[in-house]
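Asks: need a 3D model of the sequence below.
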Amino acid sequence: MTNAIKGRGATLNAASKRFKLPERVADGDWLDAVEQIDGDIPRPKTTVQIIHPKTIISKNQSPDLGFTQSINTVQGCEHGCIYCFARPTHAYHDLSPGLDFETRLFAKPDAAALLRKELSRKSHLVSPIAMGTNTDPYQPIERDWKITRQCLEILWECRHPVYITTKSDRIVRDLDLLTRLAQERLVAVMISVTSLNPLTARTLEPRAPHPLRRVEAIRTLAQSGVPVVASISPIIPAITDHEIEDIIERVASAGALDATYIPVRLPHEVAPLFRAWLEEHYPDRAAKVMAIIRDIRGGRDNDPNFGSRMRGRGVWADLIRARFQKARRRAGFTGERVTLRTDLFRRPEGDQMSLF
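Replies: Numbering: from 1, shown residues only. Predicted coordinates for the structure are as follows:
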């Protein structure tokens, strides 16, 4: 019997074992939050709970990341990407990194107010703030909540630089703000295009927009003067790696400035979720896929070490890297980096910006 749920990525909802939490099973409360489809198969609805954090800017010192501070407006992600390395964070809420992660979201409506407060501090050091490095800032609930837009409005008022990563064409709804930021060299966007095959995308990232809509978003941003890079991430061996050249050619023709990639990462609870997904959707090659991933990750499902975790190592990693770089050169990408300005920043004054 299939374990797949239409419109969802994870086939499991097991609790994290790292925090010794009990495994969740369907009960009366859970069944109250489902709708019936395909006969008697339950489909979990998405629920959103409001949380009120004390701060909104997170800091990191990771040497292989291109930023030191970030904002996440939502915890959990309805896109349901089975490979998402942020899934394990849901265990801190006593929830499963599986279906809970993509159906039980936590929104931060105070994000913009907190951002204004933190930017007003004299201790704030101006460097690009990254959005979308954990969960997608343009996942479906942004349509109604508009928390990402509110944060961009504050960043524009303060002339603060920002990096945005998304796999959604919803980003073009904020084109008015993005073009203003781009005119002052205050924004750079990265759009993820993992596969051009809609059948692959439908199981790999079931609630993310169609791949061609993302390509068109690249085109719209580029034509509007917003610098945009394509992320071919993650590359999954024997599932999406055969598309490397086609994706790079397509995003280059759409106007992307460059392309980048990361081999698939499977930290903590992501590994068993990914294995279950393979057995459900690709049972004919599940063993092969995992064997190649382990080769790339030094004999393990995941390599957590700085540097190598983003590049991989070994013969398979070298082969992917060589193909990717050759395709980049053929597409005319030069590796030119987008440098954002930090000298335009103006600190907010209380609840209102200065008029002078």
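Asks: and the helices in this protein?
Replies: For the chain, the helices defined by DSSP state H occupy 28-32, 99-103, 111-119, 142-145, 147-158, 175-183, 198-204, 211-223, 244-254, 270-281, 286-296, 308-311, 315-331.
Asks: of those, which is nearest residue 261?
Replies: When these are ranked by distance to residue 261, counting by Cβ to Cβ, first place goes to helix 315-331 at 5.7 Å. Where you see a C-beta, it was placed from the backbone N, CA and C, and this is true even at glycine.
Asks: relative to helix 286-296, how tilted is the closest one?
Replies: 90 degrees (axes from the mean of the first three to the mean of the last three Cα atoms, to 10 degrees).
Asks: elements contacting helix 315-331?
Replies: Packed against helix 315-331 by the contact rule (3 or more Cβ pairs under 8 Å, 6 or more residues apart in numbering; DSSP states H and E) you find helix 244-254, strand 259-260, helix 286-296.
Asks: need the ones you listed in CSV with mean neighbour count and mean pLDDT, can you?
Replies: Written out in CSV, the entries for those read as follows (neighbours: other Cβ atoms under 10 Å; pLDDT from 0 to 100):
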stretch, mean neighbour count, mean pLDDT
helix 244-254, 19, 98
strand 259-260, 20, 96
helix 286-296, 18, 97
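Asks: looking at these, which is nearest to residue 213?
Replies: Residue 213 lies closest to helix 244-254 among the helices and strands packed on helix 315-331, at 11.5 Å (Cβ to Cβ).
Asks: ok, residues contacting the closest one?
Replies: Contacting residues not belonging to helix 244-254 are listed as 193, 195-196, 215-216, 218-219, 222, 230, 232, 235, 259, 261, 320, 323-324, 327-328, 330-333 [Cβ atoms under 8 Å, 6 or more residues apart in numbering].
Asks: need the buried ones from the residues you listed selected in PyMOL.
Replies: In PyMOL syntax, the buried subset of those is picked out as below (16 or more other Cβ atoms under 10 Å):
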select buried, resi 193+195+196+215+218+219+222+230+232+235+259+261+320+323+324+327+328+331+333
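Asks: that older thread, for the helices of the chain, which one ends up most surrounded?
Replies: helix 99-103 (a mean of 26; mean count of other Cβ atoms under 10 Å).
Asks: now it: mean pLDDT?
Replies: Predicted confidence along helix 99-103 averages 93 (mean pLDDT).
Asks: now that helix, how far from the chain's geometric center?
Replies: Distance of helix 99-103 from its chain centroid, counting by Cα atoms, centre = their mean, to the nearest Å, is 15 Å.
Asks: ok, residue 303 - how many residues close by?
Replies: Residue 303 is surrounded by 23 other residues when neighbours are defined as other Cβ atoms under 10 Å.
Asks: find the nearest non-adjacent residue to it, please.
Replies: Taking Cβ to Cβ, 6 or more residues apart in numbering, and ignoring the residues beside it in sequence, residue 303 has residue 297 as its nearest neighbour in space, at 4.2 Å.
Asks: so what's the residue count around the one you found?
Replies: So residue 297, with other Cβ under 10 Å, has 24 neighbours.
Asks: distance of it from residue 123?
Replies: From residue 297 over to residue 123 the distance is 39 Å, taken as Cβ to Cβ, to the nearest Å.
Asks: now swap in residue 167 and tell me
Replies: Between residue 167 and residue 123 the distance, using Cβ to Cβ, works out to 34 Å.
Asks: where in the stretch 201-350 of the chain is pLDDT low?
Replies: Applying pLDDT under 70 to the predicted model, the residue ranges of the stretch 201-350 of the chain that meet it are 350.
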